[in-house]
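# Fold the following, please.
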Amino acid sequence: MRYEKGRKDTSRRRIIDVAIERFRTDGIAGSGLATIMKDAGLTNGAFYPHFPSKADLVRETLSDALSKQAVWLRAVLDEGGLDGVIDFYLSPEHRDNPGLGCASAALLPELARQPEETRGMYAEQSRILVLLLAEALPADVEAREDVAYAFFATLIGTLQLARAVNNEVSGRILQAGKNALRALAGLTHAPAS
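Below is the predicted model:
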């Protein structure tokens, strides 16, 4: 049976979209291919014409998520600068919705155990995010890329810690992270949060 042109691309896109949400929510190890394919409305057998392995799915899904995050970051920086990034990234809404949030915050511990090809891709694509942050730092900040890496790491670590504890302590962690990031970035004001 022949299918209409573009059907394979549509199915592949659906698998990627379902997989990243599932990976963010349940982790890579906790997300089986059968569940991903069921959630995508496809059979298990439909997986292998799209991806040679789960490792390939992880790499492509993560690459896609990081590309989208770079577009998001550029837009937020253009609209609200680093303050906008801080306020959104360390918000209760982002904390409470890992399935729709930052792939780095949801997956870093598992990424360290992924194949070298996946870790290399992550290093390249996350550097794009870091360079966007470096460009947004105030002009007088020295070692901008190093500060941007610290900024990126503080965003991710703060969100991970805030997700791991109860909401009362979690809110304090989010606010402490916001304050630390503003100090790190050399921002001269601290908008109300």
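# Residue 30: neighbour count?
Neighbour count of residue 30, defined by other C-beta atoms under 10 Å: 11. Where C-beta positions appear, they are placed from N, C-alpha and C, glycine not excepted.
# element containing it?
For residue 30, there is no host helix or strand (DSSP states H and E).
# From the contact counts, what lies against the top helix by length along the chain?
In terms of residue count, the longest helix belonging to the chain (DSSP state H) is helix 54-89. If contacts are counted by 3 or more C-beta pairs under 8 Å, 6 or more residues apart in numbering; DSSP states H and E, helix 54-89 sits against helix 7-26, helix 33-39, helix 103-111, helix 116-136, helix 144-164, helix 167-185.
# what's near enough to touch the closest residue in space to residue 101 that isn't next to it in sequence?
Leaving aside its chain neighbours, residue 101 sits nearest to residue 94 (5.0 Å; criterion: C-beta to C-beta, 6 or more residues apart in numbering). Residues in contact with residue 94 (C-beta atoms under 8 Å, 6 or more residues apart in numbering) are 88, 101-102, 159.
# Okay, buried residues for the longest helix of the chain please.
Neighbour counts over helix 54-89 (16 or more other C-beta atoms under 10 Å) mark 54, 57-66, 69-70, 73, 76-77, 82-87, 89 as buried.
# any weak-confidence spans in this protein?
Within the chain, the stretches falling below the threshold (pLDDT under 70) are 1-6, 188-193.
# so can I have CSV of the helices and strands packed on helix 54-89 showing mean neighbour count?
Formatted as CSV, these follow (neighbours: other C-beta atoms under 10 Å):
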stretch, mean neighbour count
helix 7-26, 18
helix 33-39, 17
helix 103-111, 19
helix 116-136, 16
helix 144-164, 18
helix 167-185, 16
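# Of those, give the one that comes closest to residue 50.
Closest to residue 50 of the helices and strands packed on helix 54-89 is helix 7-26 (C-beta to C-beta; 4.8 Å).
# Surely residue 119 and residue 113 touch.
No. Assessed by C-beta atoms under 8 Å, residue 119 is found out of contact with residue 113, at 9.1 Å.
# So residue 158 sits against residue 179, correct?
No. Taking C-beta under 8 Å as the definition, residue 158 is not a contact partner of residue 179, at 10.3 Å.
# re the thing from before, format the helices and strands packed on helix 54-89 as a markdown table; extra columns: distance to residue 48.
Converted to a markdown table, the helices and strands packed on helix 54-89 look like this (distance: least, C-beta to C-beta, whole Å):
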| stretch | distance to residue 48 |
| --- | --- |
| helix 7-26 | 11 |
| helix 33-39 | 9 |
| helix 103-111 | 22 |
| helix 116-136 | 19 |
| helix 144-164 | 33 |
| helix 167-185 | 41 |
